[in-house]
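Colleague: Take this sequence and fold it.
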Amino acid sequence: MDLELRHLRTIRAIADAGSLTKAATALGLAQPALSAQLKRIERALGGELFERGRFGVRPTALGEFVLARARIVLPAVSGLQEEAERFNRVWQDQRGFRLGATHGPLLGGLVDRLAAAHPDRPVSTYTAWSERDIAGQVADARLDFALIGTCGASTPPENERLVWREVARDPVFVMLTTGHRLADTPEIELADLADEAWTDVPGDGCFGDCFTAACARAGFTPASVYETDTASCVHLVQVGRAVGLCRATFPPTAGIVTRPLAGAPLYWRHLLGWHPETYAHDTAAAVFAHARAAHAEAAARSESYSAWLAAPGTAAPGSAAEQHP
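Modeller: Model prediction:
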């Protein structure tokens, strides 16, 4: 048997009470159970700790030695526990937010809102094209939150280890140069863009396959698709080299208009994820509320999205339905 702190507390209680009967009462044990436990402790330490007599018990030389150490160790451990709890409370109050996100307009809005609401807590960010990379880092507690998107109703990565909540659900819009023949069209049929080259940002989800399937339903196969970073997508659209696929919240950009696709053949779910057994779980409700507010602000800045939302029969972005792991 390995000696444990509870054994030291038992030895101290017996010495303080001076009687196995009184010690058993103080410890909430039956006296036979306490006697049996003491014998096990004595075997582990190699000798008797107490002499039994008519008037109770008193420590042996070995017992005095063990008691002297116990009276040092037990207060030290109690002090350590109290200090650790105080440290953890302070650390929790000062700890910042570690956000991982794919490239999009919501990350900046969320950072701004968190920094304004918690000026004394640092906010750090990590961005990647891979939703799986970001979700994996949150699952391994290297990041606190994942702000990613999924195409349609597809399952987010690390779904068994993380809690996911839907921030919003947006239609996918198309970006056109302001000189494009359809730039003034309020809503564009996907088939009317059959002869165009396309550009969008990369990812490891199913968006590319969903886009190809939508084009097939519209009666064509995309001639070419340039997968590149956001700045390059914008440039290709501005110079008329391609039309771009974008989230409806894409911010106003010089030389570009964004327009909805008729029938909303593609949509994008913005998701916030965190590990249910980490510190992030305690702040998740507040972070989620900030993410929702950041999305609402981004949507309001887009004239085309605001017009689409205001159109008769158009549903507002999706509700914050929780995705259970």
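Colleague: From now on I want contacts and neighbour counts done on CA atoms only, so please keep to that.
Modeller: Will do.
Colleague: now the helices for the stretch 151-300 of the chain?
Modeller: With DSSP state H, counting those that start in this stretch as the criterion, the stretch 151-300 of the chain has helices at 207-217, 230-238, 280-301.
Colleague: packing partners for the longest one?
Modeller: In terms of contacts (3 or more CA pairs under 8 Å, 6 or more residues apart in numbering; DSSP states H and E), helix 280-301 is packed against helix 105-117, strand 163-177, strand 267-274, helix 303-310.
Colleague: how close does Leu272 sit to Ala299?
Modeller: 17 Å (CA to CA, to the nearest Å).
Colleague: Give me the more crowded residue out of the two.
Modeller: Neighbour totals were compared for Leu272 and Ala299, and Leu272 leads with 28 against 23 (other CA atoms under 10 Å).
Colleague: Next up, the contacts around the more buried one.
Modeller: 145-148, 164-167, 288, 291 (CA atoms under 8 Å, 6 or more residues apart in numbering).
Colleague: Just put the helices and strands packed on helix 280-301 in CSV and tack on mean pLDDT.
Modeller: Converted to CSV, those look like this (pLDDT from 0 to 100):
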stretch, mean pLDDT
helix 105-117, 93
strand 163-177, 96
strand 267-274, 95
helix 303-310, 92
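Colleague: can you tell me which of the ones you listed comes nearest to Arg12?
Modeller: Nearest to Arg12 among the helices and strands packed on helix 280-301 is strand 267-274; the distance by CA to CA comes to 45.1 Å.
Colleague: model confidence over stretch 182-190, on average?
Modeller: On average, the pLDDT along stretch 182-190 is 96.
Colleague: Could you figure out how far the helix or strand containing Glu85 is turned away from helix 280-301?
Modeller: Using DSSP states H and E, Glu85 falls within helix 61-94. Interaxial angle of helix 61-94 relative to helix 280-301 (axes from the mean of the first three to the mean of the last three CA atoms, to 10 degrees): 0 degrees.
Colleague: Return the set of buried residues in helix 61-94.
Modeller: Neighbour-count burial for helix 61-94 flags 62-63, 66-67, 70, 74 (criterion: 16 or more other CA atoms under 10 Å).
Colleague: ok, so of these, who is nearest Ala17?
Modeller: For the buried residues of helix 61-94, the residue nearest Ala17 by CA to CA is Leu67; the value is 13.3 Å.
Colleague: my read: that closest one touches Arg9, true?
Modeller: No - using CA atoms under 8 Å, Leu67 is not in contact with Arg9, being 9.6 Å away.
Colleague: For Ala218, which residues are in contact?
Modeller: The contact partners of Ala218, by CA under 8 Å, 6+ apart, come to 190-191.
Colleague: Backbone dihedrals for it, please?
Modeller: Phi and psi for Ala218, reported as degrees, to the nearest 10, are phi -80, psi 0.
Colleague: Can you give me the separation between it and Glu83?
Modeller: 66 Å.
Colleague: In TSV: the helices of the stretch 151-300 of the chain, plus mean pLDDT.
Modeller: As requested, these are exported to TSV (pLDDT from 0 to 100):
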stretch	mean pLDDT
helix 207-217	93
helix 230-238	95
helix 280-301	94
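Colleague: Quick one: closest of the ones you listed to Gln31.
Modeller: helix 280-301 (44.3 Å).
Colleague: Tell me how far Thr60 lies from His290.
Modeller: According to CA to CA, Thr60 and His290 sit 65 Å apart.
Colleague: Ok, Glu64 next?
Modeller: The gap separating Glu64 from His290 is 61 Å, by CA to CA.
Colleague: one step back: show me which pair in the buried residues of helix 61-94 is furthest apart.
Modeller: Across these, no pair lies farther apart than Leu62 and Leu74, at 17.9 Å, counting by CA to CA.
Colleague: Ok, which of the helices and strands packed on helix 280-301 comes nearest Phe50?
Modeller: Of all the helices and strands packed on helix 280-301, strand 267-274 sits nearest to Phe50, with 54.1 Å by CA to CA.
Colleague: CA atoms only for the closest one, dumped as CSV, please.
Modeller: Coordinates of each C-alpha in strand 267-274 appear next as CSV, following Å, rounded to 0.1, in the frame of the first residue of the first chain:
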residue,chain,number,x,y,z
TYR,A,267,-25.2,28.6,-48.8
TRP,A,268,-22.6,28.9,-46.1
ARG,A,269,-22.9,28.1,-42.4
HIS,A,270,-20.7,30.2,-40.0
LEU,A,271,-19.8,28.0,-37.0
LEU,A,272,-18.2,28.6,-33.6
GLY,A,273,-16.6,25.6,-32.0
TRP,A,274,-14.9,24.9,-28.7
